[in-house]
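Visitor: Task: produce atomic coordinates for the following.
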Amino acid sequence: MAKKLNISRINELKNNAYDNIESYDDPDTPKALEQFTSQIKKVLQADPKMLDSVPEYLPVALYGRVKFPADAKLKWAHWINTSTQPEWDEFKVTIGFNNADLPLVLAVRAYSEDLLIESCAVLYLLETQGKAAPAPKHSEDDDDDDNDYVGHSDDDDEGEEEDGYYDHYDDEDR
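Guide: Residues are numbered from 1 along each chain as shown. Okay, the predicted model is just below:
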């Protein structure tokens, strides 16, 4: 039986994450959000248990660095509308994590798969509805960030993997 997503918790996390993102998105200090998320990633990777007290920090840390392909957005909309938490195998193909964030994602998954899925639901909501979060600021080395993601490809080329994409989750199943 499918688990339920706690939509009120996800909306609260979304609002808290948005408030954090907005507070660091200051034109006077354009790199503040990037610096904050960089620090938070290191802290959370070292101690994912910290997310028990500040769960909104994971969506903040991954903000602007996760891709939701168009067909995956339909699945996410359905999961949110029906308050259904996706199974891991279904979830992992609907999201693309930046390669640089994989150590954090794997540490959080090892600590709490449910929290990782919830955080991705928050990111989906930030991207698609209500309060539009500020556009993520990318550093100079993020110019060609399409090749920095793992997960689902937007291409219709069945069986062909796009350069820069690697589904490390498949290795776990072997």
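
Visitor: Tyr18 versus Leu74, what's the distance?
Guide: Distance of Leu74 to Tyr18, given as Cβ to Cβ, to the nearest Å: 23 Å. Placement of C-beta: from N, CA and C, glycine included.

Visitor: Next one, pLDDT for the residue of the chain most remote from its centre please.
Guide: What lies farthest from the middle of the chain is Asp28; by Cα atoms, centre = their mean that is 26.7 Å. On pLDDT, Asp28 comes in at 89.

Visitor: Kindly report the same for Met1.
Guide: Per-residue confidence (pLDDT) for Met1: 63.

Visitor: And Leu13, by the same measure?
Guide: Leu13 is given a pLDDT of 97.

Visitor: just Asp142 next, same as before
Guide: The model's pLDDT for Asp142 equals 47.

Visitor: same check, this time on Phe97
Guide: Per-residue pLDDT puts Phe97 at 96.

Visitor: helix, strand or coil for it?
Guide: strand (DSSP: H, G, I helix; E, B strand; the rest coil).

Visitor: That one: how many residues sit nearby?
Guide: 22 (other Cβ atoms under 10 Å).

Visitor: now swap in Ile40 and tell me
Guide: Neighbours of Ile40 using other Cβ under 10 Å come to 19.

Visitor: just Leu5 next, same as before
Guide: Neighbourhood size, Leu5 [other Cβ under 10 Å]: 19.

Visitor: Distance of it relative to Ile117?
Guide: Leu5 sits at a distance of 8 Å from Ile117 (criterion: Cβ to Cβ).

Visitor: again with Thr128
Guide: 16 Å.

Visitor: More neighbours: the two, which one.
Guide: Taking neighbours as other Cβ under 10 Å, Thr128 and Ile117 compare with Ile117 leading, 22 against 13.

Visitor: Now do the more buried one, the pLDDT please.
Guide: On pLDDT, Ile117 comes in at 97.

Visitor: Equivalent analysis for Phe91, please.
Guide: Note on Phe91: pLDDT of 96.

Visitor: And the one 10 residues further on, by the same measure?
Guide: The pLDDT attached to Asp101 in the predicted structure is 96.

Visitor: The closest residue to it other than its chain neighbours and Thr37: what is the separation?
Guide: Closest residue in space to Asp101, ignoring its immediate chain neighbours: Arg65 at 5.6 Å, by Cβ to Cβ, 6 or more residues apart in numbering. The span separating Arg65 from Thr37 equals 8 Å under the rule Cβ to Cβ.

Visitor: Over to Leu125?
Guide: Counting by Cβ to Cβ - Leu125 and Thr37 are separated by 18 Å.
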